[in-house]
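Colleague: Sequence and predicted structure are below.
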Amino acid sequence: MCLGGLSLSPFGQPETSRNLFYDLVWGSLNGRRYRMHPSFPLLLLPLAVAAGEWREVWRDDFNGKELDWTKWSAEENGHGGGNNELQYYFDRPQNLRVEDGNLIIEARKEKVNVAGVQKDYSSARIRSKRRADWLYGRFEMSAQLPAGKGVWPAFWMLPSEEKYGGWAASGEIDIMEFKGYEPDQVHGTLHYGAPWPKNIYKGQPYRLPKGDFTSGFHVFAVEWERESFRWFVDGVQVQEQKEWSSSGGPFPAPFDQKYFLLLNLAVGGGFGGPVGAETRFPAQFKVDYVRVLQR
């Protein structure tokens, strides 16, 4: 018998299945007692109970002797990110290492000349591209940000494939960006629309109520779902966006494809601003952990 979507059988009647089903004496009907047989296995009950809760699916605590290369790769280039940045990104311990349980991305003031590309600073940028990517989830980092005018650390995401066209038609998710000129503020931004220069970006800053982001560790996160993005700082929601577009497809494009993570420390550029005379190098972007959760 079926009642309210549940299969009922007379109490005491043996039933077998290749799945282990949950039995519960539910009550009586027409003078007879019945067992309730939900249409899902017992093994799925914990997931049903926890429906809607975030579950950790990926994590790096940076507790090894070196970076976990199964999770990250390092970029080496000096093209300036299209923002007139002043650094050359290296894969070397001076700029990129694991130390005392933290990822250290270190910007250094030094003359660099690589294959004719000349820069005045060195730094590092890592990404999870071709190692891990995700469609939707909560993306979280605990980090201490570097001090000094002109430093520009970022925790962000790019699409694994440019499904809807070149930047920014296929999107960009900036979970946290910081400019040293405003040590008590961080920014969260979405980039979308059409390929540059017809791209669109939308976001807003968050100001720390007390102190700044260079004096200790803080937790930065975004919750990305099909129809919304929510940004958090130290567990407090600071922004939400529900509207975006792409010239390459209908909503929710471009944010309906897999993205990978990036961490970097830039110097100068259009967002970071000029380096202040008082800015001290080396400057360190310290990351305690990065993790990903999904529903």
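Modeller: Thanks, I have it. Numbering: from 1, shown residues only.
Colleague: which stretches of this protein form helices?
Modeller: 45-49, 269-272 (DSSP state H).
Colleague: Show residues contacting the shortest one.
Modeller: Under the criterion Cβ atoms under 8 Å, 6 or more residues apart in numbering, residues 80-81, 83-86, 150-152, 177, 179-180, 266 lie in contact with helix 269-272. From N, CA and C alone the C-beta is placed, and that goes for glycine too.
Colleague: I'd like the distance between the nearest residue to Tyr289 once chain neighbours are set aside and Phe139.
Modeller: Using Cβ to Cβ, 6 or more residues apart in numbering and skipping the chain neighbours, the partner closest in space to Tyr289 is Asp61 (4.8 Å). Using Cβ to Cβ, to the nearest Å, we find Asp61 at a distance of 15 Å from Phe139.
Colleague: what bridges to Leu293?
Modeller: Glu56, Arg138 (DSSP bridges).
Colleague: Isn't it up against Tyr136?
Modeller: No - the pair Leu293 and Tyr136 fails to qualify as a contact (Cβ atoms under 8 Å) at a distance of 10.3 Å.
Colleague: Comparing the two, which shows the higher neighbour count?
Modeller: Neighbour count, other Cβ atoms under 10 Å: between Leu293 and Tyr136, Leu293 has more, with 18 against 15.
Colleague: which ones are touching that one?
Modeller: Counting by Cβ under 8 Å, 6+ apart, Leu293 has contacts 54-57, 137-138, 140.
Colleague: what's the least confident stretch among the helices of the chain?
Modeller: Among those, helix 45-49 carries the lowest mean pLDDT, at a mean of 42.
Colleague: which other residues reach stretch 159-174?
Modeller: 129-130, 133, 154, 156-158, 187-196, 199-201, 203, 222, 224, 229, 244, 246-249, 253-255, 257-260.
Colleague: Could you check which of Asp61 and Phe139 is surrounded by more residues?
Modeller: Phe139 (24 against 16).
Colleague: give the contact list for the closest residue to Asp288 other than its chain neighbours.
Modeller: Using Cβ to Cβ, 6+ apart and skipping residues adjacent in sequence, the residue nearest Asp288 is Ser142, 4.1 Å away. By Cβ under 8 Å, 6+ apart, the contact set of Ser142 is 217-220, 287-289.
Colleague: Quick check: the farthest pair among those?
Modeller: Pairwise distances across the contacts of Ser142 peak at 12.4 Å for His218 and Tyr289 (criterion: Cβ to Cβ).
Colleague: so who does Val98 touch?
Modeller: Counted by Cβ under 8 Å, 6+ apart, Val98 has contacts 62-67, 104.
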